[in-house]
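Engineer: predicted coordinates and the sequence they were generated for:
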Amino acid sequence: MMTLAPLRAVRYDAQKVGALGDVWAPPYDVISPEAAAELRSKHANNFVRLTQPEASGSGRYADAARTLDSWIADGILVRDDAPSLYVHRHHFELNGEQHTRVGVWGLLRLVPYEAGIVLAHERTMKGPKADRLALMKACRAHLSPIFFICSDPDGSIGRILGDEMAGAATERAEFPAGQTHEVWRVSEPAALDRIARSMSEQVYLIADGHHRYETALAYREALLSEGAPAAGQGGHHYILAYVVPEGDRGLSLEPTHRVMSGDGHTDWRGAIAAMEDDFRVQKLGGGAVGDAMALLEDRAGRASFVLVVRGEEGGWLLEPKGSVTDIPAVALHEMFLAKLPGWSDAQSEGEGWGRVSYTRDPAEALEDVRSGAAQAAALLASSTVGQIREAARAGQRLPTKTTYFRPKVPTGIAIHRIDPGEEIGTG
């Protein structure tokens, strides 16, 4: 059993920095260099200066640590005086409709995946983990939360979090434009106990943050090798978490589409014909991207994808025969691309000529094909949270960027300073 523990979070002092929306930032892995520069120019204390430090080479990590320490010394960032959980209500617009997502920030104990409590579903890559480990070591902090989804089969967690939002919010911010956030700090012992008990028998699916979770496990092992306590409630045994109940109506899981580029010359038409024993194939006309996406929206929860090929009019709708998988990225990578000459697992993850890149914009993917910049593009249907959870329960690691939960969780709301000598939850 595992539960959500309170923490003495390090947070911005709004009286020092002004509007919190000016200092929060998106997660590091969705910030382009241009967007990072814009965020830095927006405010001298924008959080991107910690998660994407401007210095080059290995010195960038020490630069982030110096920045963090100076902001704490100057009172820009202040540590709360008592262990707390932070209920977070996020209002946003999606596809022309208003939505609300409710989650809670706290600490989850780090456990290996083999324990079956924290479920991973995506493969990770060495480069991002090495980068985040160097930053974590330098700052001695978890700067960004892992986005978890807890099972909450009876909906009790959602109701309990709702009760904590009855009064005025502790903080309110707009970030980015058009999205609003309200945060309630919960530090009263009875309320903390009520939330903790509701989460004590949950399974936690990683929605976003696989690289950082595995990095935190590696950092804890490094600290243990240096003499940190192997048992107890030390801060190195915990990770900063943002947890949303699975039944929350604001959970939005969207597909990430694939663009296949490189200098090779795959016979895509021949490949499709050769795989008709494994797939139901439907030839499509040359309609607009909206037509293909409408077709896929009708197939949400099915392992369907539309393949568009350079020099070919229209495209093909492919769906696996039988019940081999219900996840589109698996059907594409493991049943289709893996059988093509030159498209090994390594190459489909970004190495070699058969390179796959990713975009959430189907129009962008199709334009890359039409312009000749890419060989082909695959537009994917969306999966459900339940499908991803069950795949993770079965120990299945899905292709990179199988899931995209929208909107992303801002960074800058809370920081967990990693102190092996601190007893978590006791102040």
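Structural biologist: Arrived safely, thanks for sending.

Engineer: how does this structure divide up, domain by domain?
Structural biologist: Per the record, the chain has its domains at 10-252+406-417, 256-382, by automatic domain parsing.

Engineer: mean pLDDT lowest where, among these?
Structural biologist: Lowest mean pLDDT of the domains of the chain: domain 256-382, a mean of 85.

Engineer: could you find the closest non-adjacent residue to Glu174?
Structural biologist: Gly21 (4.6 Å; Cβ to Cβ, 6 or more residues apart in numbering). Heads up, the C-betas are built off the backbone N, CA and C, glycines and all.

Engineer: tally of neighbours for that neighbour?
Structural biologist: 19 (other Cβ atoms under 10 Å).

Engineer: distance to Thr3 added to the domains of the chain, as CSV?
Structural biologist: Formatted as CSV, the domains of the chain follow (distance: least, Cβ to Cβ, whole Å):
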stretch, distance to Thr3
domain 10-252+406-417, 4
domain 256-382, 30
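
Engineer: residues touching stretch 62-74, excluding its own?
Structural biologist: The contact list for stretch 62-74, computed with Cβ atoms under 8 Å, 6 or more residues apart in numbering, reads 10, 16, 45, 49-51, 53-55, 77-79, 135, 138-141, 415.

Engineer: can you pull out the helices in the stretch 151-300 of the chain?
Structural biologist: 156-163, 189-198, 210-225, 268-274, 289-297 (DSSP state H, counting those that start in this stretch).

Engineer: just the ones of the contacts of stretch 62-74 in helices?
Structural biologist: Members of the contacts of stretch 62-74 lying in helices (criterion: DSSP state H): Lys16, Arg49, Leu50, Thr51, Leu135, Ala138, Cys139.

Engineer: how about the nearest residue to the fifth one, chain neighbours excluded?
Structural biologist: Which is Leu135. Spatially, and ignoring its direct neighbours in sequence, Leu135 is nearest to Tyr61 (5.2 Å; Cβ to Cβ, 6+ apart).

Engineer: quick one: classify that neighbour as helix, strand or coil.
Structural biologist: At Tyr61 the chain is in helix, as set by DSSP: H, G, I helix; E, B strand; the rest coil.

Engineer: check contacts around it.
Structural biologist: By Cβ under 8 Å, 6+ apart, the residues touching Tyr61 are Pro53, Ala134, Leu135, Lys137, Ala138, Cys139.

Engineer: next one: the third one relative to Met165, how far apart?
Structural biologist: Between Leu135 and Met165 the distance is 33 Å, computed by Cβ to Cβ, to the nearest Å.

Engineer: quick one: Ile327 from Leu295, how far?
Structural biologist: Applying Cβ to Cβ, the value for Ile327 to Leu295 is 18 Å.

Engineer: so between these two, which is more surrounded?
Structural biologist: Legend: neighbour count by other Cβ under 10 Å for Ile327 and Leu295, higher for Ile327 (27 against 18).

Engineer: find the nearest non-adjacent residue to the more buried one, please.
Structural biologist: In space, Ile327 is closest to Ser383, 5.3 Å off (Cβ to Cβ, 6+ apart).

Engineer: go on, Leu317?
Structural biologist: Gln282 (4.3 Å).

Engineer: and Asp267, how many neighbours?
Structural biologist: 12.

Engineer: please tell me how far it sits from Glu312.
Structural biologist: 11 Å.

Engineer: one more: Met136?
Structural biologist: 46 Å.

Engineer: likewise for Ser198?
Structural biologist: 53 Å.

Engineer: just Leu223 next, same as before
Structural biologist: Counting by Cβ to Cβ - Leu223 and Glu312 are separated by 54 Å.

Engineer: tell me which of these two has more neighbours.
Structural biologist: Neighbour totals were compared for Leu223 and Glu312, and Leu223 leads with 20 against 16 (other Cβ under 10 Å).

Engineer: so how far does stretch 104-115 reach from one end to the other?
Structural biologist: Using Cα to Cα, to the nearest Å, the span of stretch 104-115 from its first residue to its last is 23 Å.

Engineer: chain center to that stretch: distance?
Structural biologist: 15 Å (Cα atoms, centre = their mean, to the nearest Å).

Engineer: okay, buried residues for it please.
Structural biologist: For stretch 104-115, a neighbour-count test (16 or more other Cβ atoms under 10 Å) marks Val104, Trp105, Gly106, Leu107, Leu108, Arg109, Leu110, Tyr113 as buried.

Engineer: now, those residues that are in strands?
Structural biologist: When strands are assigned by DSSP state E, the members of those inside them are Val104, Trp105, Gly106, Leu107, Leu108, Arg109.

Engineer: okay, Asp22 and Pro176: tell me how far apart.
Structural biologist: For Asp22 relative to Pro176 (Cβ to Cβ), the value is 11 Å.
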